[in-house]
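Asker: Quick one, fold the following:
(2 chains)
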Amino acid sequence: AQKITQTQPGMFVQEKEAVTLDCTYDTSDQSYGLFWYKQPSSGEMIFLIYQGSYDEQNATEGRYSLNFQKARKSANLVISASQLGDSAMYFCAMRRLLSTGANNLFFGTGTRLTVIP
Amino acid sequence: DAGVIQSPRHEVTEMGQEVTLRCKPISGHDYLFWYRQTMMRGLELLIYFNNNVPIDDSGMPEDRFSAKMPNASFSTLKIQPSEPRDSAVYFCASSHTDYYGYTFGSGTRLTVV
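Answerer: Residues are numbered from 1 along each chain as shown, chains lettered A, B, ... in the order given. Model (predicted):
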């Protein structure tokens, strides 16, 4: 079974500082994808970044980077130069990539990030 | 593209009433998912479709819940009869086989009183 663990219920970061949100996963699959989503107080789910299990380089998208350590089964999100607008709930998620195309996205419990001015 | 469109955004209903949530996926996407988000259980998959066919409905809580996808551009999630414990935010998301991304709708906040 697939499982995503986010051990930090809440995090605080000073504006303009970098912050790392932790995510570990458990799967016996060789082929899978890892995602981070942001959910602001307005409620929508915003896709941030994706890492494929066979990608050799860590994914980056603007101020977001994913620190992928396959052997440790971790996929931590790093946000550089935090902004007040980064205050939100952040979810780590995993998708199986099967030849059959099964596509469910498994979510962690989330980390609430608060950026302090 | 307008993205995944869900309606209504908010729904308040009395216990025992029927509730229908609607979703229009992104054109060309062949997967559609219904998720429910609560404080207690987080984000959980209810059901998903591939090419309009239900693939996995093991997350549907009980027989009071049903979902349909009559065509590639429309899906409904129905709760009959509704109960207060069904209060949650219900998200619809769509995806394509050849693309890793999922696009979520804005969600429907359901309150059953």
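
Asker: show me what contacts residue 9?
Answerer: No chain specified, so I'll use chain A. A:109, A:110, A:111, A:112 (Cβ atoms under 8 Å, 6 or more residues apart in numbering or on different chains). C-betas here are computed from N, CA, C, even on glycine.

Asker: Chain B, not that one
Answerer: So residue B:9 contacts B:106, B:107, B:108, B:109 (Cβ under 8 Å, 6+ apart).

Asker: same for chain A: which of the residues you listed are within range?
Answerer: B:106, B:107, B:109 (Cβ under 8 Å from any Cβ of the partner chain).

Asker: partners of the last one in the sheet?
Answerer: With beta bridges defined as DSSP bridges, residue B:109 has these partners: residue B:10, residue B:89.

Asker: Neighbour-wise, which one of the ones next to chain A among the contacts of residue B:9 leads?
Answerer: Of those, residue B:107 is surrounded by the most neighbours, 25 neighbours in total, counting by other Cβ atoms under 10 Å in any protein chain shown.

Asker: Kindly indicate which of the contacts of residue A:9 lies nearest residue A:23.
Answerer: Closest to residue A:23 out of the contacts of residue A:9 is residue A:111 (8.5 Å), distances taken as Cβ to Cβ.

Asker: So which bits of chain A are right by chain B?
Answerer: So chain A meets chain B at A:33, A:35, A:37, A:43-45, A:47, A:50, A:52, A:91, A:95, A:97, A:101-110 (Cβ under 8 Å from any Cβ).

Asker: Identify those among the residues you listed that sit within helices.
Answerer: Secondary structure defined by DSSP state H assigns none of the residues of chain A next to chain B to helices.

Asker: In PyMOL, how would I select the buried members of the residues you listed?
Answerer: Applying 16 or more other Cβ atoms under 10 Å in any protein chain shown to these, the buried members can be selected in PyMOL as follows:
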select buried, chain A and resi 33+35+37+45+47+50+91+95+97+103+104+105+106+107+108+109+110
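
Asker: Show me what stretch B:104-111 is in contact with.
Answerer: Applying Cβ under 8 Å, 6+ apart, the external contacts of stretch B:104-111 come out as A:37, A:43-45, A:47, B:3-13, B:19, B:21, B:23, B:37, B:79, B:82, B:86-93.

Asker: Could you work out the end-to-end span of it for me?
Answerer: 20 Å (Cα to Cα, to the nearest Å).

Asker: and what of stretch A:94-110?
Answerer: 13 Å.

Asker: I'd say residue A:110 and residue A:77 touch.
Answerer: No: applying Cβ atoms under 8 Å, one finds residue A:110 not in contact with residue A:77, separated by 11.7 Å.

Asker: what do those two both touch?
Answerer: residue A:90.

Asker: Now the element after the element among helices and strands of chain A having the smallest mean pLDDT, going C-ward?
Answerer: Here the helix or strand of chain A ranked lowest by mean pLDDT, DSSP states H and E is strand A:105-107, holding a mean of 89. On the C-terminal side of strand A:105-107, the closest following helix or strand by DSSP states H and E is strand A:111-116.
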